[in-house]
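Q: Here you go, sequence then predicted model.
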Amino acid sequence: MLYKSTRGESPEVPFSEVLLGGLAPDGGLYMPEHFPKYKIDEIKSWSNLSFEEVAHNVLYPYVRGEIAEDVFADLLNDAYKDFDSSDVVELKEIEKNHWILELFHGPTLAFKDIAMQLLGSLLNHFAEERGEKIAVLGATSGDTGAAAISACSRHENVEVYILYPHGKVTEFQRKQMTTTGSKNVFPLAIESDFDGCQNAVKKMFLDEDFDNSKVRFIAANSINWARCMTQSVYFFWCYLKLIHLQKDLIFSIPSGNFGHAYAGWTAKEMGLPIRKLLIATNRNDVLHKTFKTNNYSKSNVVQTLAPSMDISVASNFERLLYNLYDNDASILAENMSLFPKISIDIPVNKRKIVADFFESFSSSDEEILNQIVKTQRESDYLLDPHTATGVRASNALVKSSEPVVTMGTAHPAKFIEALNKAFLKDEFELPDKVKKAFGNREVFNLLQDDYNHIKEFILSKAT
C-alpha cells in the first residue's frame, strides 16, 4: 500500500513514511492509494473475533509489505494490554435503541488512547528496526496530548513534545500531561489557543531545520493517517456486536478536528454498512455550519465545557474534501492555498451524498449541562461534556425506533469542572489512575506564543 498527498505535489510513500512523516512535504495530508474493500459476508464472519483480531483484519492491508502479519498481531496485543476492559471498548444501552460506545477504557480515559496506543507501538517497532530516535510532536486541546504521552513515554527510543493552550485545558487533562515524571516527555504550555498551537506544529513540519535534526519528528495529531485508520476499527466492532438488529447503524460523534468522524467515513468506504454519521459540536460549530450551509470556513474560538472541541479549523476535513473532489488533488490544492481567507464550498454534485450521510447538531454549555443532568436522572448514566453533545444530537435527529450509537469519548472524571456545574461531582468515585495524576508533582514549560522561541526550545532538547 502506497500513500499520496491530498495536494498532489509530493511523491507516493509507504506506510512507514506516513507514520513517521506527519504532513506531506507539500502541506497536504497523506491518504492511502485506495481503501481496502470488504464484502458484508466477510465482515459478518468476524462476529466472534476479539477487538484485536477485528483490528488485524481491518488494518493489516494498510501496513502489508512493511510489517509481517504475526508481528502486526503482536503490536496490536501490546497496544491494548493496559486497557481496563478485556474488550478494549464497551457498549452500554442507556435507553431503547440508544447505546453509548465507551471508548475511554484506556490509560488516559479517552477515546484517543485506542489509536494512540497503537501509534506508540508502531513507532517503537520502526525506531528499533531503523536504529533511530523518534520525537512525537503534537498540539492538543485536551486529550490528544495525554494520550500521546501515555502511549510513547514507555518507549525509550521515543521523545514526546506536546503543545497545549495555557489555561485552556481542564485541570485533569493538564495533570495527565505534566505529572508522568518521564524524562522523555516535554509538556509545553503555550500562551495561545489550540489553533495557535496547531499552527505552530504544522509550521514545524514544513521547517527544514526540523528535517535536518538528528531526531526524526513525527505528528501525534489526528492528521497522522495511522490514527484515522485505527479509529475506524471500533465502528466495525460495534456493528458486529449489534449485528442481531439486522439494521445499518447511525453513529453520533462528538467532533472537533473531524478525525473521529473521518474514521467513520473510512469504515463506510471499506464496506461497513453505516447509515449515517451525526456530527455533534459545541459552540465552536464550524462543522455544524459547514454541513448546514455546504460551505467550510474558519471561525473564532470560544472556550467551552467541552474543550477538546474548541477549534476553528477541522484539519481532517481536508481528507473528506479530497474524496468529494474524486481524489483530484489539483482542485483541493488550489482551494486550500486560499483557505482560510476564502471559504470552500462542498461541490454541488456531491451535496446530496453529503446530506444523505452527514447531519449535524450544535450544543451550548447550558444545553450540555442540561443533557448531563437529564441522562443521569433518567438513565442513571453519567456523561462527560463531549459525549453529552453526541447524546443531544442523537435525541434530536434520530427517531426513537431507529438504532443509534453515541460515541462515548471520555470518562466523566476528566471533566470535574463541568460536573461541578451540573451538581454531579459526587455521582462517581475517581478511578485510581485519576487519583494518581492529581497527586503527582507537575513539570512543564510555559512558553510565549512565538514560533521561533518554541522551535528553539524543542530543537535544544531533542537528543
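A: Nice, thanks for sending it over.
Q: number of nearby residues for residue 140?
A: Here the count is done by other Cβ atoms under 10 Å, and residue 140 has 28 residues near it. Any C-beta I mention is one placed from the backbone N, CA and C, and that applies to glycine too.
Q: so what's it closest to, chain neighbours aside?
A: Leaving out its chain neighbours, the residue that sits closest to residue 140 by Cβ to Cβ, 6 or more residues apart in numbering is residue 164, at 4.9 Å.
Q: Doesn't residue 144 belong to a strand?
A: No: inclusion of residue 144 in a strand is not indicated when DSSP: H, G, I helix; E, B strand; the rest coil is applied; the result is helix.
Q: which residues touch it?
A: Taking Cβ atoms under 8 Å, 6 or more residues apart in numbering as the contact definition, residue 144 lies against 112, 116, 138, 162, 220, 221, 222, 308.
Q: just residue 389 next, same as before
A: 254, 280, 281, 282, 306, 309, 361, 362, 363, 368, 371.
Q: what about it, which SS state?
A: Following three-state DSSP, the label given to residue 389 is helix.
Q: What is the burial count for the nearest residue to it once chain neighbours are set aside?
A: In space, residue 389 comes closest to residue 280 once its chain neighbours are excluded; the distance is 4.1 Å by Cβ to Cβ, 6+ apart. Residue 280 has 34 neighbours, counted by other Cβ under 10 Å.
Q: still on that earlier bit, derive a ChimeraX selection command for the buried subset of the contacts of residue 389.
A: The buried residues among the contacts of residue 389 can be selected in ChimeraX (16 or more other Cβ atoms under 10 Å) with this line:
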select :254,280,281,282,306,309,361,362,363,368,371
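Q: What about the contacts of residue 389, which are in helices?
A: Counting by DSSP state H, the part of these found in helices is 368, 371.
Q: can you put the contacts of residue 389 in JSON lines and add distance to residue 177?
A: As requested, the contacts of residue 389 are exported to JSON lines (distance: Cβ to Cβ, whole Å):
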{"residue": "254", "distance to residue 177": "21"}
{"residue": "280", "distance to residue 177": "25"}
{"residue": "281", "distance to residue 177": "24"}
{"residue": "282", "distance to residue 177": "22"}
{"residue": "306", "distance to residue 177": "18"}
{"residue": "309", "distance to residue 177": "18"}
{"residue": "361", "distance to residue 177": "30"}
{"residue": "362", "distance to residue 177": "28"}
{"residue": "363", "distance to residue 177": "26"}
{"residue": "368", "distance to residue 177": "24"}
{"residue": "371", "distance to residue 177": "28"}
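Q: ok, which stretches of the stretch 201-350 of the chain are helices?
A: Secondary structure of the stretch 201-350 of the chain (DSSP state H, counting those that start in this stretch): helices located at 208-211, 225-231, 233-241, 259-269, 286-293, 317-324, 329-338.
Q: do you know which of the ones you listed lies nearest residue 375?
A: Residue 375 sits nearest to helix 233-241 of all the helices of the stretch 201-350 of the chain, at 19.4 Å, using Cβ to Cβ.
Q: okay, the helices of the stretch 201-350 of the chain in a markdown table with mean neighbour count next?
A: Formatted as a markdown table, the helices of the stretch 201-350 of the chain follow (neighbours: other Cβ atoms under 10 Å):
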| stretch | mean neighbour count |
| --- | --- |
| helix 208-211 | 12 |
| helix 225-231 | 25 |
| helix 233-241 | 23 |
| helix 259-269 | 24 |
| helix 286-293 | 20 |
| helix 317-324 | 21 |
| helix 329-338 | 16 |
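Q: Among those, which comes closest to residue 454?
A: Comparison of the helices of the stretch 201-350 of the chain against residue 454 by Cβ to Cβ identifies helix 208-211 as nearest, at 11.6 Å.
Q: The closest one packs against which elements?
A: In terms of contacts (3 or more Cβ pairs under 8 Å, 6 or more residues apart in numbering; DSSP states H and E), helix 208-211 is packed against helix 451-461.
Q: Can I get stretch 174-188 in PDB? Just the C-alpha atoms.
A: Included here for stretch 174-188 are C-alpha records, laid out as PDB according to Å, rounded to 0.1, in the frame of the first residue of the first chain:
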ATOM      1  CA  ARG A 174      -3.200  19.200  32.200                       C
ATOM      2  CA  LYS A 175      -2.000  17.000  35.100                       C
ATOM      3  CA  GLN A 176      -2.100  13.900  32.900                       C
ATOM      4  CA  MET A 177       0.400  15.600  30.700                       C
ATOM      5  CA  THR A 178       2.600  17.200  33.400                       C
ATOM      6  CA  THR A 179       2.900  14.500  36.100                       C
ATOM      7  CA  THR A 180       4.400  11.500  34.300                       C
ATOM      8  CA  GLY A 181       7.900  12.100  35.700                       C
ATOM      9  CA  SER A 182       9.300  10.600  32.400                       C
ATOM     10  CA  LYS A 183      12.500  12.300  31.200                       C
ATOM     11  CA  ASN A 184      11.400  11.800  27.500                       C
ATOM     12  CA  VAL A 185       8.200  13.800  28.000                       C
ATOM     13  CA  PHE A 186       8.000  17.600  27.400                       C
ATOM     14  CA  PRO A 187       4.600  19.300  28.000                       C
ATOM     15  CA  LEU A 188       4.700  22.800  26.600                       C
END
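Q: Mean pLDDT per helix and strand in the protein: which one sits at the bottom?
A: With mean pLDDT, DSSP states H and E as the measure, the helix or strand of the chain carrying the lowest mean pLDDT is helix 432-439 (a mean of 74).
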